[in-house]
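Asker: no sequence on this one, just coordinates:
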Ligand code: XUL
Ligand code: MN
């Protein structure tokens, strides 16, 4: 077991301060200016920012001249430096552009697949300017609404080809897959961290391909986030997490970490701590739609507070006691020990 960390670094993305727009209704809060969002980070106790490519560089520039992209990214880097923040990762947004309507890397259109790879290379350029080596791939539209729509074997090969193209383009970047079983697609390719993990070993440089696990995504797949995290930690490939919570198998809710299931949150923190997790603690959480503008960042500070509180609980667990319960096969006793801890005893 790796030594416990003394401190964790906290991150979130600008999309985590949102207007409340959902598929059924418009904005209920005004969009906060990007610079104003960045000013919130330190106040809320956060250290770093997660970017989509077009969060860092205006969407109008993203398909244009690479020199203009670099210039815009340089400006963003200065703003980050001014706020004392670092960039954790850059993720190419391959799910909103008309050329990604049928997926990016797995689109049936040759020219659209080419667009997805070119755009991913630009995301790497942006990451280099922002001073991070981590590229996150959420494979949002890499899947189908009906199984016959794409060749499922060719699609997996195309994802590997895209990852290899990125690894070749820059010999220092790392690629982290953030898998999700559904939404926006009915059926996603590589729906779980385990699926992605298997694929990492078939890329040209497995040591540079790892995993970001989001709690809600594991829950949506009917899996326990801490088991997914433990599995990937064992492989030395858990390089980031998106912690949040989720009420059952519904749409991706991005609720405050620990707000639905305290025991699941405890297990998550216990595994991260005992497994020597070394990445940032990302909190991919959303405010409730009914939240008033003045409260629109509370879900972020609350999630961070929940993590830190759970860390205290996890650190107060007596490992020898746990071993004694295990040795006696007294799982009822162990369960009560954990429940008492969660109730503050
Ligand atoms: C989607 C999701 C994204 C990624 C970044 O469910 O979690 O916010 O984290 O692209
Ligand atoms: Mn996420």
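Answerer: Cool, the structure landed. From a predicted model like this one, the values you see are computed outputs, not experimental measurements. Ligands and ions are numbered 1, 2, ... in the order given.

Asker: Just give me the residue right at the centre of this structure.
Answerer: residue 242 (4.2 Å; C-alpha atoms, centre = their mean).

Asker: Does that residue lie in a helix or a strand, and which?
Answerer: strand 238-243 (DSSP states H and E).

Asker: go on, residue 74?
Answerer: Going by DSSP H and E, residue 74 is part of helix 66-83.

Asker: And that helix, what's buried?
Answerer: Within helix 66-83, the residues that count as buried by 16 or more other C-beta atoms under 10 Å are 69-70, 72-73, 76-77, 80. To be clear about C-beta, it is placed using only N, CA and C from the backbone, and glycine gets the same treatment.

Asker: Tell me the bridge partners for whichever residue of the stretch 101-250 of the chain sits closest to ligand 2.
Answerer: The nearest approach of the stretch 101-250 of the chain to ligand 2 comes at residue 242, 3.8 Å away (C-beta to the ion). Residue 242 has these beta-bridge partners by DSSP bridges: residue 214, residue 282.

Asker: now the helices for the stretch 51-200 of the chain?
Answerer: Using DSSP state H, counting those that start in this stretch, the helices of the stretch 51-200 of the chain run over 53-56, 66-83, 110-130, 152-169, 193-200.

Asker: So which elements touch the first one?
Answerer: Identification of packing neighbours for helix 53-56 by 3 or more C-beta pairs under 8 Å, 6 or more residues apart in numbering; DSSP states H and E yields helix 66-83, strand 86-91, helix 110-130.

Asker: residues of the longest one that come out buried?
Answerer: Taking 16+ other C-beta under 10 Å as the basis for neighbour counts, the residues of helix 110-130 that come out buried are 112-113, 115-130.

Asker: would you turn the helices and strands packed on helix 53-56 into CSV with distance to residue 47 and mean pLDDT?
Answerer: Listed next are the helices and strands packed on helix 53-56 as CSV, based on distance: least, C-beta to C-beta, whole Å; pLDDT from 0 to 100:
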stretch, distance to residue 47, mean pLDDT
helix 66-83, 11, 98
strand 86-91, 7, 99
helix 110-130, 14, 98
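
Asker: what's the closest of those to residue 340?
Answerer: strand 86-91 (35.7 Å; C-beta to C-beta).

Asker: roughly how far out does that closest one sit from the chain middle?
Answerer: Chain-centre distance of strand 86-91: 11 Å, with C-alpha atoms, centre = their mean, to the nearest Å.
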